[in-house]
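Asker: No sequence on hand, only this structure:
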């Protein structure tokens with residue numbers, strides 16, 4: 001049987017080629033991040049919520065309102081510090097902060113690879129660095145880029161702590177692990193997985209005393225999350241998010257996240273996953289000649305972390321009962337990419353040439369197919385709001401639909417005419433699901449909107465419909481207040497019902513309607529590529 005080479009036993013040409021290709025792939029990945037910076041445009045609703053929450057007058061107010069966001073406080077403090085330093089509260093200035101988060105993730109890949117195996121992260125930057133979902137979600141004003149980078153750094157530092165315990169490494173591991181869980185709640189499962197990997201490594205080598213600092217790192221990260229328990233417990237409106245998590249739906253969203261630059265790349269991830277675990281089991285349990293101690297330790301650590309990290313993340317999604325989107329899998333992809341990178345280069349002699357071939361193919365494919373999705377705006381609501389701010393008259397009336405687009409519209413609209421959503425809410429600065437829940441429990445929450453439409457049209461003014469308001473000619477039955485319907489707390493179904501009520505009322509009573517602004521034909525985030533209709537004239 002061929003002996004497994006040490007980390008440095010590859011030929012010099014192969015090692016240098018690996019570094020050069022990894023550097024070139026990283027530069028191309030950085031180019032994709034810059035393209036996104038130049039193309040993203042305004043903030044879409046999730047980003048607008050985080051920025052608005054971050055810039056509340058005091059940190060205590062930020063803390064008290066964290067219940068209206070889905071990530072811990074670290075990214076909010078980052079936005080707050082960025083703005084306080086005079087680096088910009090404008091969209092371009094905030095986009096630069098997002099760019100730095102995305103580039104930080106690329107640097108984290110290099111740090112982890114150098115720390116864990118003394119090499120270049122060719123497989124990690126190929127799989128994750130060139131992925132459209134990673135670029136767009138990592139650079140958005142959310143916690144995904146920063147949280148993914150800190151999750152990768154935590155993995156690397158815990159590996160170092162397991163191999164070479166010391167006060168400095170222990171202090172660094174505690175700090176990084178705490179920051180990691182303060183950026184994303186789900187990073188707690190990755191910290192746990194990395195700590196388990198370190199524990200397994202020390203246990204196999206019978207270094208029981210060295211397991212204590214690893215255990216302390218996990219405890220410190222867990223304790224830092226305890227203050228969030230009262231905030232989460234008091235948010236009773238979270239029941240509206242719990243629509244149930246199905247693994248079939250999760251696989252569909254994970255496939256969308258990993259299927260970049262082409263759909264077939266999902267199976268590249270799957271093949272690498274299966275291959276890495278099979279190879280690890282083979283060399284650990286069926287190999288006859290002894291493994292180098294460092295190689296065996298890295299396989300044990302990375303394999304344990306990979307399996308437990310993925311299992312823990314799946315458990316988190318199942319317990320949260322939230323329907324996921326592709327960007328929800330970015331932290332898992334980043335963590336997995338580093339584990340796969342470490343395991344393949346440790347297990348197989350031909351990992352370097354295979355990784356270089358994959359890098360060349362992926363880069364070429366990304367250059368052809370990935371540029372259009374990266375050159376994509378996050379929203380067109382900023383464009384719509386700017387146009388309407390100059391076109392509407394003070395006595396016109398604007399309706400934004402669906403209701404959660406009101407957060408983005410509120411950020412950019414500067415016109416004199418009043419506007420509302422379906423149903424009307426008292427606050428649009430944050431995603432106030434608590435206010436929506438209260439409206440859903442009333443009998444006819446959009447009655448004030450219909451009254452205002454009537455008075456606006458009767459007085460000769462215009463009604464503007466901003467958004468994808470459904471048109472349905474079939475009669476809709478009257479629905480009872482939530483949750484006493486088959487829909488329960490599923491607000492999209494109520495939102496559809498309210499939209500149909502409005503369009504049927506307008507079809508019966510308006511004289512003219514026209515498209516004022518069509519949806520953009522360029523690449524725009526499908527969640528916020530809205531049309532605008534204008535309605536005039538009253539028909540009894």
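Answerer: The structure has been received and is ready for your questions. Fair warning: this is a prediction, and the values are worked out from it, not measured in the lab.

Asker: what's the spacing between residue 246 and residue 326?
Answerer: For residue 246, the distance to residue 326 equals 16 Å [C-beta to C-beta, to the nearest Å]. Just so you know, the C-beta spots here come from the backbone N, C-alpha and C atoms, and that holds for glycine as well.

Asker: Residue 61 now?
Answerer: Plainly put, residue 61 is 32 Å away from residue 326 if you go by C-beta to C-beta.

Asker: Of those two, which one has the most company?
Answerer: residue 326 (20 against 11; other C-beta atoms under 10 Å).

Asker: what sits against that one?
Answerer: When contacts are counted by C-beta atoms under 8 Å, 6 or more residues apart in numbering, residue 326 touches 133, 137, 253, 254, 256, 257.

Asker: Closest one to residue 475 out of those, please.
Answerer: Lowest distance from residue 475 to the contacts of residue 326 (C-beta to C-beta) belongs to residue 253, with 35.1 Å.

Asker: Need the phi and psi values for that closest one.
Answerer: With angles defined as degrees, to the nearest 10, residue 253 shows backbone torsions of phi -70, psi -40.

Asker: leaving aside the residues next to it on the chain, what's closest to it?
Answerer: Using C-beta to C-beta, 6 or more residues apart in numbering and skipping the chain neighbours, the partner closest in space to residue 253 is residue 324 (4.9 Å).

Asker: mind listing what the one you found touches?
Answerer: By C-beta under 8 Å, 6+ apart, the contact list for residue 324 reads 245, 249, 250, 253, 317.

Asker: Just the buried residues of the helix or strand containing the third one, please?
Answerer: If you go by DSSP states H and E, residue 250 is part of helix 247-258. Of the residues in helix 247-258, those buried by neighbour count under the rule 16 or more other C-beta atoms under 10 Å are 250, 253, 254, 255, 256, 257, 258.

Asker: can you check stretch 359-376 too?
Answerer: By 16+ other C-beta under 10 Å, the buried positions in stretch 359-376 come out as 359, 362, 363, 365, 366, 370, 371, 373, 374, 376.

Asker: cool, and stretch 30-38?
Answerer: By neighbour count with 16+ other C-beta under 10 Å, stretch 30-38 contains the buried residues 30, 32, 33, 35, 36, 37.

Asker: likewise stretch 443-455?
Answerer: Residues of stretch 443-455 classed as buried: 445, 446, 449, 452, 453 (neighbour count, 16+ other C-beta under 10 Å).

Asker: can these go into JSON lines with extra columns for pLDDT, distance to residue 428 and secondary structure?
Answerer: Output for the buried residues of stretch 443-455, formatted as JSON lines (pLDDT from 0 to 100; distance: C-beta to C-beta, whole Å; DSSP: H, G, I helix; E, B strand; the rest coil):
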{"residue": "445", "pLDDT": "93", "distance to residue 428": "16", "secondary structure": "coil"}
{"residue": "446", "pLDDT": "94", "distance to residue 428": "16", "secondary structure": "coil"}
{"residue": "449", "pLDDT": "96", "distance to residue 428": "15", "secondary structure": "helix"}
{"residue": "452", "pLDDT": "96", "distance to residue 428": "17", "secondary structure": "helix"}
{"residue": "453", "pLDDT": "96", "distance to residue 428": "19", "secondary structure": "helix"}
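
Asker: which one of the residues you listed is nearest residue 206?
Answerer: The shortest approach to residue 206 among the buried residues of stretch 443-455 belongs to residue 445, at 65.5 Å (C-beta to C-beta).

Asker: Any figure for the gap between the closest one and residue 82?
Answerer: 38 Å.

Asker: does the most centrally placed residue in the chain sit in a helix, a strand or a coil?
Answerer: In the chain, the centroid-proximal residue (C-alpha atoms, centre = their mean) is residue 327; its distance is 3.8 Å. Here residue 327 is recorded as helix under DSSP: H, G, I helix; E, B strand; the rest coil.

Asker: Pull the contacting residues for it.
Answerer: For residue 327, the contact set (C-beta under 8 Å, 6+ apart) comprises 133, 136, 137, 140, 142, 144, 257.

Asker: Please apply the same query to residue 394.
Answerer: Residue 394 is in contact with 416, 417, counting by C-beta under 8 Å, 6+ apart.
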